[in-house]
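Participant: Pasting a predicted model and its sequence here:
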Amino acid sequence: MRNVERYPVEGPNALWQMYKTVSRVKAVKNFICIQFTRYCPSLPVKNWVYRNLLGMKVGSHTAFALMVMVDVFFPERIKVGNNTIIGYNTTILTHEYLIREYRLGEVVIGSGVMIGANTTILPGVTIGDGAVVAAGSVVHKDVEPGAFVGGNPIHTITKEQQSK
Amino acid sequence: MRNVERYPVEGPNALWQMYKTVSRVKAVKNFICIQFTRYCPSLPVKNWVYRNLLGMKVGSHTAFALMVMVDVFFPERIKVGNNTIIGYNTTILTHEYLIREYRLGEVVIGSGVMIGANTTILPGVTIGDGAVVAAGSVVHKDVEPGAFVGGNPIHTITKEQQSK
Amino acid sequence: MRNVERYPVEGPNALWQMYKTVSRVKAVKNFICIQFTRYCPSLPVKNWVYRNLLGMKVGSHTAFALMVMVDVFFPERIKVGNNTIIGYNTTILTHEYLIREYRLGEVVIGSGVMIGANTTILPGVTIGDGAVVAAGSVVHKDVEPGAFVGGNPIHTITKEQQSK
């Protein structure tokens, strides 16, 4: 359902062998940048780091709240449109490391989207323009433009909203 | 459903313009105090900070666990009664910043309440005396006194409990 | 349902009186070790700390992801098998401190298990060999070997999986 590429691994689980899939230097550099952005009080500075040091696509006026955690291994697979809000402590993942394989997938978040606090977004998911994701959601599948979704797992609360 | 005040904004989303709604100095001061309380091993010291530096109402013997995160912008809108337990890493929010408006709401938690770990409490919610909120819940509406609720979104598990 | 031992308390709630149940020195020592493991980039070093400084049982090639939070008071009640993956920021609790009692319970996680990111595992739960727990789950009851579970509260998605 989610749009992920799958890579088989031999031997122990993929997480145990993570440094065969991403260099230690990149992981540590990303981690330092991400920790900075989690706590940085300036939104424009955060976006500069996201774009220039982590390789993410981030549109204009898009606001990442306090403590947002982007994928530490492959943040460059995250794309966010314009004037979108990513709520407090949201986790955006683009990798999943499993026992016999690992999977990578882009996360694409449109423009004018609102993601509530403490949400988890899984690899390979697209969230359409103007969508609203309630706080605490687990986004395990695509969200239609304009839809209002929430819960764990997410379900559609309303299809299309005008008044928001 | 939740009891929130709504303030429209012009231009980019409300989070992008957050420092028009709360001063940078207040936000940074609150953040430092909250980080201290998240890790402080003494519950009475935490409560002193909550009451005197963050403006919260906190009753006697109320215990905030490790890593609890209170609202960084408007913690003074949080009121908690006596002998209540707020579980590990619970998030208590009193603001939500949306695209075209922001909303503020008090969070009122009664006495003898138990909030499980990793719970998210949204602005404008009242949790009645003696209520129990299961771990990992998203509290998006009021909880009746004595009720046992859980899940995301929360639903009532039992109405009234004596034996707890 | 969960396998926990219950200890009644007199006076204020059990969390307020926590240092009667666990020494301040142990709590602070555990906290420092756990903070180290949450951020440590080497999985073998993490496992050494878990086994030798926190008293956990951790099998070979078991991989704890970034930010995993094990119980700060009673980590020695956690047992994990071989070649298991514990996802990003998973919380594993072995205690719950309530108003009139506190409860302790072992968490036993088998071999070849995959726990998704941001999962909360409650005290007294057993997760069988080869089980898969989706991201963001709240594990409030046992999980059968080989089962695929998810949601909050968890429900079974598929009973037994071969192909994973």
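Facilitator: That came through fine. Numbers count the residues shown, from 1 in each chain, chains lettered A, B, ... in the order given.
Participant: show me what contacts A:Phe64?
Facilitator: A:37, A:43, A:46-47, A:50, A:86 (C-beta atoms under 8 Å, 6 or more residues apart in numbering or on different chains). (Glycine included, C-beta is placed from N, CA and C.)
Participant: Can I get the residues you listed in a markdown table including pLDDT?
Facilitator: A markdown table is the format used below for those (pLDDT from 0 to 100):
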| residue | pLDDT |
| --- | --- |
| A:Thr37 | 98 |
| A:Leu43 | 97 |
| A:Lys46 | 98 |
| A:Asn47 | 98 |
| A:Tyr50 | 98 |
| A:Ile86 | 98 |
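Participant: Name the nearest of the residues you listed relative to B:Leu54.
Facilitator: Here the nearest of those to B:Leu54, counting by C-beta to C-beta, is A:Leu43; it sits at 23.0 Å.
Participant: My guess is that closest one contacts A:Ala63. True?
Facilitator: Yes - with contacts counted by C-beta atoms under 8 Å, A:Leu43 reaches A:Ala63, the gap being 5.3 Å.
Participant: Just want to know which of the two has more residues nearby.
Facilitator: A:Ala63 (24 against 20; other C-beta atoms under 10 Å in any protein chain shown).
Participant: so where's chain A uncertain?
Facilitator: A:161-164 (pLDDT under 70).
Participant: Return the list of helices and strands in contact with the lengthiest helix in it.
Facilitator: Ranked by number of residues, the top helix in chain A under DSSP state H is helix A:24-39. The elements that helix A:24-39 packs onto, with contact taken as 3 or more C-beta pairs under 8 Å, 6 or more residues apart in numbering or on different chains; DSSP states H and E, are helix A:43-52, strand A:69-70.
Participant: the inter-axis angle of it versus helix B:24-39?
Facilitator: 120 degrees (axes from the mean of the first three to the mean of the last three C-alpha atoms, to 10 degrees).
Participant: contacting residues around helix A:24-39?
Facilitator: Counting by C-beta under 8 Å, 6+ apart, A:18-19, A:46, A:49-50, A:53-54, A:64, A:66-70, A:72-73, A:75, B:31, C:39, C:41, C:66 sit against helix A:24-39.
Participant: just the buried members of the residues you listed?
Facilitator: Buried members of these, scored by 16 or more other C-beta atoms under 10 Å in any protein chain shown, are A:18, A:46, A:49-50, A:53-54, A:64, A:66-70, A:72-73, A:75, C:66.
Participant: Just give me the closest of those residues to chain B.
Facilitator: A:Leu66 (6.2 Å; C-beta to the nearest C-beta).
Participant: which SSE is that closest one in?
Facilitator: Per DSSP states H and E, A:Leu66 falls between elements, in no helix or strand.
Participant: right, and it touches A:Gly87 too?
Facilitator: No - with contact defined as C-beta under 8 Å, A:Leu66 does not reach A:Gly87; the gap is 9.3 Å.
Participant: Dump the helices and strands packed on helix A:24-39 to TSV, plus distance to A:Val107.
Facilitator: Formatted as TSV, those follow (distance: least, C-beta to C-beta, whole Å):
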stretch	distance to A:Val107
helix A:43-52	13
strand A:69-70	9
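Participant: Most widely separated two among the buried ones among the contacts of helix A:24-39?
Facilitator: Largest separation among the buried ones among the contacts of helix A:24-39 by C-beta to C-beta: A:Met18 and A:Leu66, giving 27.3 Å.
Participant: So what sits opposite A:Lys57 in the bridge?
Facilitator: A:Lys79 (DSSP bridges).
Participant: Now do the same contact list for it.
Facilitator: A:51, A:78-80.
Participant: Buried only: go through these for me.
Facilitator: A:78, A:80.
Participant: any chance of the contacts of A:Lys57 in JSON lines, with distance to C:Lys159 too?
Facilitator: JSON lines is the format used below for the contacts of A:Lys57 (distance: C-beta to C-beta, whole Å):
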{"residue": "A:Arg51", "distance to C:Lys159": "45"}
{"residue": "A:Ile78", "distance to C:Lys159": "35"}
{"residue": "A:Lys79", "distance to C:Lys159": "37"}
{"residue": "A:Val80", "distance to C:Lys159": "38"}
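Participant: so which of the contacts of A:Lys57 comes closest to A:Val108?
Facilitator: A:Lys79 (4.9 Å).
Participant: Find residues that contact each of A:Leu43 and A:Ala63.
Facilitator: B:15-16, B:18.
Participant: Considering only the residues you listed, which also neighbour chain A?
Facilitator: B:15-16, B:18 (C-beta under 8 Å from any C-beta of the partner chain).
Participant: ok, A:Val4 to A:Leu98 distance?
Facilitator: Using C-beta to C-beta, to the nearest Å, A:Val4 is found at 11 Å from A:Leu98.
Participant: still on that earlier bit, and the ones next to chain A among the shared contacts of A:Leu43 and A:Ala63, which is closest to C:Asp129?
Facilitator: B:Leu15 (44.6 Å).
Participant: Right, I'll leave it there.
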